[in-house]
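[1] Next input, structure requested:
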Amino acid sequence: MLRRTLQWMALCFGVVGLAVPSQAQFRFSAEALFMDRDSDGSAPVVAGPDAFSSGGNYDPQAGFRFTLGGSFDNYDVEFIASQFDDWDLSDTGTLANPLVFDETANNPVVVAIPPANTLAYVNSLFDAATSVDELTESERLQAGATYFSESSSRLQDYQINFGSNPNKYLWRFQVGWRHMRLNENSAVGIRGTFDALDTDDAAQAGDLGDDPNNALADGSITGAGFALVSGTNNGFDAAALGGAVAPDTLTIYNSSGTSNILNGVQLSGGYSLFPESLVSVDLIGRAGLFHNYSQGHFSEALIGSGNDDSIYQRTFSDNRNGVAYSTSLGAQASVPVTDYISLSLGYEVNYIGNVALAPSQSEGIATSPLGARRYRLRTSDSILYHGLNAGLKVVW
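    Residues are numbered from 1 along each chain as shown. The predicted model follows:
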């Protein structure tokens, strides 16, 4: 990607060089970016005494930005390319209480200290655990299940801006075209020992008065919309049944991904403070409106291990066209090293609204009036990234 960006900048430089008079002044800057990122794209995963969510504020990440510009007469044109690879976020933990799949989280017969944990989003596992064959049992992961949550996000940003000559005017105004790509991936896994207790007396498999089934049956799982993608179509057995190796270990695994392609116009403004002093300071602001073509998917999987190798999966996907917007504010100080070279240091805040973020796609699952599961890509999230930039600028 870095190589393609440099090639793109070189092409733009050649076009500018052919299009403007020989007395034009050119500039090129290379900057390192160090940005922290916040987002409202988090979503609850587990509700109850051990509640946790996916997504949130990402770890700081380094990126880069290249700017190529040319000024002539009263006018100026500049090309900007920047990229971040990748913002990352991860979390792990343990559920001290059981994770109940069905409607028995508050039933004191099967939950010693109600309420138990439950999945906090609309999910097909709930449909399987509340189907006709499962009504007499409380399906769950036993206490002590472990979980992980991880997300990654990548942003690419390209701009072309036309405006007033910054070498002649303290105030600077620009109109431009901007193209951004925001791609994300997210995954959550909860792993523990599967169990099924009778709802009337908490009997386990083999106990006196034990109700039949003692499992989350294959028919219940596929009836809820899952498809068997690997292993044996035998569902998952209660812990007391044991087996030749061990009880069934079940991993509830959800993954999601989103992409946003934004194209639109933006207005920029700037002002130069102390232009004649040793240290000059530029104030910069931008605001843009964009068409956003976004795509996303959300996948639910039940993965058996230990005494079971069954893997069931269900995937939803959607795409949407919408309107997104962005704003930016920043300040940058420059110190000349020679007549042609200067060093810069600045701070900026950037905001992008109405985009699809991967961690929150679980909230796009809903139930139709006829009881069918459906997925609507969620595109109402936003990101805020802010931090330092440091660079080198050459003029000629």
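
[2] so who does the spatially closest residue to residue 355 that is not a sequence neighbour touch?
    Nearest residue to residue 355 in three dimensions, chain neighbours excluded: residue 260, at 4.7 Å (CB to CB, 6 or more residues apart in numbering). Any C-beta I mention is one placed from the backbone N, CA and C, and that applies to glycine too. By CB atoms under 8 Å, 6 or more residues apart in numbering, residue 260 lies in contact with 180, 181, 182, 183, 292, 293, 294, 324, 355, 356, 379.

[3] I'd like those as JSON lines, with secondary structure, pLDDT and neighbour count appended.
    Formatted as JSON lines, those follow (DSSP: H, G, I helix; E, B strand; the rest coil; pLDDT from 0 to 100; neighbours: other CB atoms under 10 Å):
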{"residue": "180", "secondary structure": "strand", "pLDDT": "98", "neighbour count": "22"}
{"residue": "181", "secondary structure": "strand", "pLDDT": "98", "neighbour count": "15"}
{"residue": "182", "secondary structure": "strand", "pLDDT": "98", "neighbour count": "23"}
{"residue": "183", "secondary structure": "strand", "pLDDT": "97", "neighbour count": "17"}
{"residue": "292", "secondary structure": "strand", "pLDDT": "98", "neighbour count": "23"}
{"residue": "293", "secondary structure": "strand", "pLDDT": "98", "neighbour count": "14"}
{"residue": "294", "secondary structure": "strand", "pLDDT": "98", "neighbour count": "23"}
{"residue": "324", "secondary structure": "strand", "pLDDT": "98", "neighbour count": "23"}
{"residue": "355", "secondary structure": "strand", "pLDDT": "97", "neighbour count": "27"}
{"residue": "356", "secondary structure": "coil", "pLDDT": "97", "neighbour count": "29"}
{"residue": "379", "secondary structure": "coil", "pLDDT": "96", "neighbour count": "23"}
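
[4] From those, pick the one nearest residue 276.
    residue 180 (36.0 Å; CB to CB).

[5] I'd like the distance between the closest one and residue 387.
    Relative to residue 387, residue 180 is positioned 18 Å away (criterion: CB to CB, to the nearest Å).

[6] can you count the residues close to residue 220?
    The number of residues packed near residue 220 is 21, by other CB atoms under 10 Å.

[7] shouldn't it be in contact with residue 235?
    Yes: if you go by CB atoms under 8 Å, residue 220 and residue 235 touch, sitting 7.1 Å apart.

[8] who does the residue nearest to residue 249 when sequence neighbours are not counted bridge with?
    Closest residue to residue 249 apart from its sequence neighbours, by CB to CB, 6+ apart: residue 306 at 3.9 Å. Per DSSP bridges, the residues bridged to residue 306 are residue 248.

[9] Now do residue 306: how many residues are near it, please.
    Counted with other CB under 10 Å, residues neighbouring residue 306 total 14.

[10] In contact with it, which residues?
    By CB under 8 Å, 6+ apart, the contact set of residue 306 is 245, 246, 247, 248, 249.

[11] Nearest to residue 111 among those?
    residue 247 (19.5 Å).

[12] so how far is the strand or helix carrying residue 154 off the chain centroid?
    Residue 154 is part of strand 145-164, with elements assigned from DSSP states H and E. In terms of CA atoms, centre = their mean, to the nearest Å, the centre of strand 145-164 is set 8 Å apart from its chain centre.

[13] Which other helices and strands does that strand contact?
    Using 3 or more CB pairs under 8 Å, 6 or more residues apart in numbering; DSSP states H and E, the elements in contact with strand 145-164 are strand 43-47, strand 52-54, strand 58-72, strand 75-95, strand 171-198, strand 248-273.

[14] Out of those, which is closest to residue 135?
    Of these, nearest to residue 135 by CB to CB is strand 171-198, at 10.8 Å.

[15] Which SSE is immediately downstream of that closest one?
    By DSSP H and E, the next helix or strand past strand 171-198 is strand 215-216.

[16] Off-centre distance for that next one?
    The chain centre lies 33 Å from the centre of strand 215-216; the measure is CA atoms, centre = their mean.

[17] And for the spatially closest residue to residue 218 that is not a sequence neighbour, the neighbour number?
    In space, and not counting its chain neighbours, residue 218 is closest to residue 235: 4.2 Å by CB to CB, 6+ apart. Counted by other CB under 10 Å, the residues lying close to residue 235 total 24.

[18] what's residue 235 in contact with, if anything?
    215, 216, 217, 218, 219, 220, 221, 310.

[19] Residue 254 too?
    For residue 254, the contact set (CB under 8 Å, 6+ apart) comprises 45, 187, 188, 189, 298, 299, 300, 301, 362.

[20] swap in residue 387?
    Contacts of residue 387 (CB under 8 Å, 6+ apart): 33, 34, 35, 36, 60, 347, 348.

[21] make it 10 Å
    By CB atoms under 10 Å, 6 or more residues apart in numbering, the contact list for residue 387 reads 33-37, 60-63, 346-350.

[22] For residue 89, state which of the residues you listed is nearest.
    For these, the nearest to residue 89 is residue 37 (9.1 Å; CB to CB).

[23] What separation do you get for the closest one and residue 232?
    In terms of CB to CB, residue 37 sits 43 Å off from residue 232.

[24] next one: residue 67
    Note on residue 67: its distance to residue 232, by CB to CB, is 59 Å.

[25] More neighbours: which of those two?
    Taking neighbours as other CB under 10 Å, residue 67 and residue 232 compare with residue 67 leading, 19 against 12.

[26] Now do the buried residues in stretch 375-384.
    375, 377, 378, 379, 381, 382, 383, 384 (16 or more other CB atoms under 10 Å).

[27] Likewise for stretch 103-123?
    104-105, 107, 110-111, 114-123.

[28] Now residue 287: closest residue in space, sequence neighbours ignored.
    Closest residue in space to residue 287, ignoring its immediate chain neighbours: residue 327 at 5.0 Å, by CB to CB, 6+ apart.
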